[in-house]
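**Q** okay, here's the prediction I keep looking at, along with the sequence it came from:
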Protein chains: 2
Amino acid sequence: MSFMFDKVAVLGLGLISSSLCRVMRQNGLAKVISGNAKTESSRSIALEIGLVDSVHEHAADAVKDADLVILCAPVGACGELTAQISLSLKPGAILTDVASVKGAIVRDCGPHVPAGIHFIPGHPIAGTEQSGPRSGFAELFQDRWCILTPVPGTEPAMVAKLEAFWKACGSNVDVMTAEHHDMVLAITSHLPHLIAYNTVATAADLESVTNSEVIKYSASGFRDFTRIAASDPTMWRDIFLNNKDAVLEMLGRFSEELSVLQRAVRWGDGETLFNLFTRAREVRRGIIAAGQDTAAPDFGRGPKKD
Amino acid sequence: MSFMFDKVAVLGLGLISSSLCRVMRQNGLAKVISGNAKTESSRSIALEIGLVDSVHEHAADAVKDADLVILCAPVGACGELTAQISLSLKPGAILTDVASVKGAIVRDCGPHVPAGIHFIPGHPIAGTEQSGPRSGFAELFQDRWCILTPVPGTEPAMVAKLEAFWKACGSNVDVMTAEHHDMVLAITSHLPHLIAYNTVATAADLESVTNSEVIKYSASGFRDFTRIAASDPTMWRDIFLNNKDAVLEMLGRFSEELSVLQRAVRWGDGETLFNLFTRAREVRRGIIAAGQDTAAPDFGRGPKKD
């Protein structure tokens, strides 16, 4: 059997890397997979369930002889991680990552990447609200998009190789600048998460409605917000700290729009409300047509879904 | 076979009433079901798929001899509908509704209810983002909550009868004032929907990121917002117009909290972000523990769910 890479190292053992390990095994993409994680429990679970062939307390030990090294840590930890492995990387290896922010990855990791290493930041647009080494599954990337943001001067053949890897994981691949990526993700991912967290916090702080009432009657919309607000707090803190400008830009626009909507509610302007709601429905139809969700009703739980 | 009601009339033939018709048939709750809807197409579909035994262009014809009449129209249409049926209601009948706002129902319908009719506003907290007579299913109310908001002076035996009806549909039942209901729903349902609509509108208006990019990369959070923003625009317009005070109260609190979060992003205050995100995760755990959602990851679409 021939493999796409002889050895792949994943640094961090959460949802994305555990899904990557599974799809690499399933599709024969790596002969050997080595792993590293900060906590002993993640390392031993990963070994126990066969995600990786070896685990290492020190990231530098995991990357030895690896042809592909994938940083799967929160964005705030990636710079330090790159500094730690810098001297142990195999010449000619590809170094990539999966973080939701790309400008900060270039800024923090770039200076630690030695000559002869092909540094190509990447971001698979896929996930669930769960985390940890047990949360992954091989189908996570199927028909999703992975964005690569190579820095100027990157060898096209190496970008093509990483692109082939993600395609073999089931993804579609797009290439763009780190700056544009961060703007796109600020609106499609970072703003929605911030808003979801904020809605849940608003509800938790009410005096007029108890927390148990909020939970009991959550099936009416609130529930869907808590689902995305259940994602890993450390990962999300790092995202907001590292994509500040784009997030503040989107927040400013969001607040402007919200003032218009608030005014329409206050003045009973049904036409403005109706038109805006109708436009939102059109966007939803576009997402279903693009295969990024199904039209099946979201029932929350029960016989139709589980 | 003995039925709970000899004849039930549903006025409006959308998601809630088509689900009610199915569960009434399944559990033997109504010997005869009559229906009414504004559009000819909804009426003929409802008859064709057997939701109802008869359909009527005029609501007054549908309610004749009905022991239970359920208004299933957008909240803004319920006052006029009650005026239309007022003289045709069977003495002793129960008149209820399913709208997401209760104060406005009491205000708009109450004056048209003749003596001898038991008017008990209600609201099943259940739904999907779909609408129309084909969208219903018998399990919609299973293990969900239905809130009844009887006005002072309502006969307890009649409240008990309506409570028994909803329990026979699979619901749990709570009784509270219309005012408290409207506050609870403003935070658990109305605010989340308004925020979701606003997020989708913000994304649709960007110059720096195209609509097709928003759609393509929606799997990262945005998708979940579009799902709840796909709900019926007329129904939601009416809800915001009719629960103005509570919605504006929640919006004010939401904006206050958002300013705190925005400041934390601007000043790089990771601790504030981390603590808020951790609290939000706790609320999510409460919802799962209360059986209002499962812990299964939300994958959007695909082999794990469909």
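**A** Nice, I can see it.
**Q** give me the nearest residue to A:Pro124, chain neighbours excluded.
**A** Excluding the flanking residues, the one nearest A:Pro124 by Cβ to Cβ, 6 or more residues apart in numbering or on different chains is A:Cys146, at 4.4 Å. All C-beta atoms are positioned from the backbone trio N, CA, C, and that covers glycine.
**Q** thought that neighbour was touching A:Pro121?
**A** No: counting by Cβ atoms under 8 Å, A:Cys146 sits too far from A:Pro121 to count as a contact (11.2 Å).
**Q** those two - which one has more neighbours?
**A** Each of A:Cys146 and A:Pro121 has its neighbours counted (other Cβ atoms under 10 Å in any protein chain shown); A:Pro121 has more, 27 against 23.
**Q** kindly provide the distance from that one to B:Val209.
**A** Using Cβ to Cβ, to the nearest Å, we find A:Pro121 at a distance of 19 Å from B:Val209.
**Q** so which strand or helix has A:Ser212?
**A** Using DSSP states H and E, A:Ser212 sits in helix A:211-216.
**Q** which strands and helices lie in contact with that helix?
**A** Helices and strands touching helix A:211-216, as assessed by 3 or more Cβ pairs under 8 Å, 6 or more residues apart in numbering or on different chains; DSSP states H and E, comprise helix A:191-204, helix B:270-289.
**Q** least confident of those helices, on average?
**A** Among these, helix B:270-289 carries the lowest mean pLDDT, a mean of 88.
**Q** got the angle for that helix vs helix A:191-204?
**A** 70 degrees (axes from the mean of the first three to the mean of the last three Cα atoms, to 10 degrees).
**Q** can you give me the offset of helix B:270-289 from its chain's centre?
**A** 27 Å (Cα atoms, centre = their mean, to the nearest Å).
**Q** in that helix, what counts as buried?
**A** Buried residues in helix B:270-289, counting neighbours by 16 or more other Cβ atoms under 10 Å in any protein chain shown, are found at B:270, B:272-274, B:276-277, B:279-281, B:283-284, B:286-288.
**Q** domain-wise, how is chain A divided?
**A** As assigned by automatic domain parsing, chain A contains the domains A:5-176, A:180-268.
**Q** quick one, which of those domains gets closest to B:Ala83.
**A** domain A:180-268 (20.9 Å; Cβ to Cβ).
**Q** mind checking the end-to-end distance for that closest one?
**A** Taking Cα to Cα, to the nearest Å, domain A:180-268 runs 38 Å from one end to the other.
**Q** so what's the gap between it and the chain middle?
**A** 17 Å.
**Q** now swap in stretch A:32-52 and tell me
**A** Worked out by Cα atoms, centre = their mean, stretch A:32-52 lies 20 Å from the chain centre.
**Q** also stretch A:15-25?
**A** 13 Å.
**Q** restrict that stretch to CA atoms and write it as PDB.
**A** Presented in PDB, the C-alpha positions along stretch A:15-25 are these (Å, rounded to 0.1, in the frame of the first residue of the first chain):
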ATOM      1  CA  LEU A  15     -12.100  17.600  17.400                       C
ATOM      2  CA  ILE A  16     -10.200  18.500  14.200                       C
ATOM      3  CA  SER A  17      -7.100  16.500  14.700                       C
ATOM      4  CA  SER A  18      -9.000  13.400  15.900                       C
ATOM      5  CA  SER A  19     -11.200  13.700  12.800                       C
ATOM      6  CA  LEU A  20      -8.100  14.100  10.600                       C
ATOM      7  CA  CYS A  21      -6.500  11.000  12.200                       C
ATOM      8  CA  ARG A  22      -9.600   9.000  11.400                       C
ATOM      9  CA  VAL A  23      -9.800  10.100   7.800                       C
ATOM     10  CA  MET A  24      -6.100   9.700   7.200                       C
ATOM     11  CA  ARG A  25      -6.300   6.100   8.400                       C
END
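**Q** what sits against A:Ser231?
**A** Going by Cβ atoms under 8 Å, 6 or more residues apart in numbering or on different chains, A:Ser231 touches A:127, A:129, A:131, A:193, B:277.
**Q** want to throw those residues into JSON lines with distance to B:Phe225?
**A** Compiled in JSON lines, these are given as follows (distance: Cβ to Cβ, whole Å):
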{"residue": "A:Gly127", "distance to B:Phe225": "15"}
{"residue": "A:Glu129", "distance to B:Phe225": "14"}
{"residue": "A:Ser131", "distance to B:Phe225": "21"}
{"residue": "A:His193", "distance to B:Phe225": "10"}
{"residue": "B:Phe277", "distance to B:Phe225": "18"}
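**Q** who wins for most neighbours among those residues?
**A** Ranked by the number of neighbours (other Cβ under 10 Å), the contacts of A:Ser231 place A:Gly127 first, at 29 neighbours.
**Q** residue contacts, that residue?
**A** A:Gly127 makes contact with A:15-16, A:140, A:231, B:219-220, according to Cβ under 8 Å, 6+ apart.
**Q** as TSV, those with pLDDT would be great.
**A** Formatted as TSV, the contacts of A:Gly127 follow (pLDDT from 0 to 100):
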residue	pLDDT
A:Leu15	94
A:Ile16	96
A:Leu140	95
A:Ser231	84
B:Ala219	78
B:Ser220	78
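**Q** look up how far A:Ser86 lies from A:Phe119.
**A** For A:Phe119 relative to A:Ser86 (Cβ to Cβ), the value is 11 Å.
**Q** what of A:Tyr217?
**A** From A:Tyr217 across to A:Ser86, the span is 53 Å (Cβ to Cβ).
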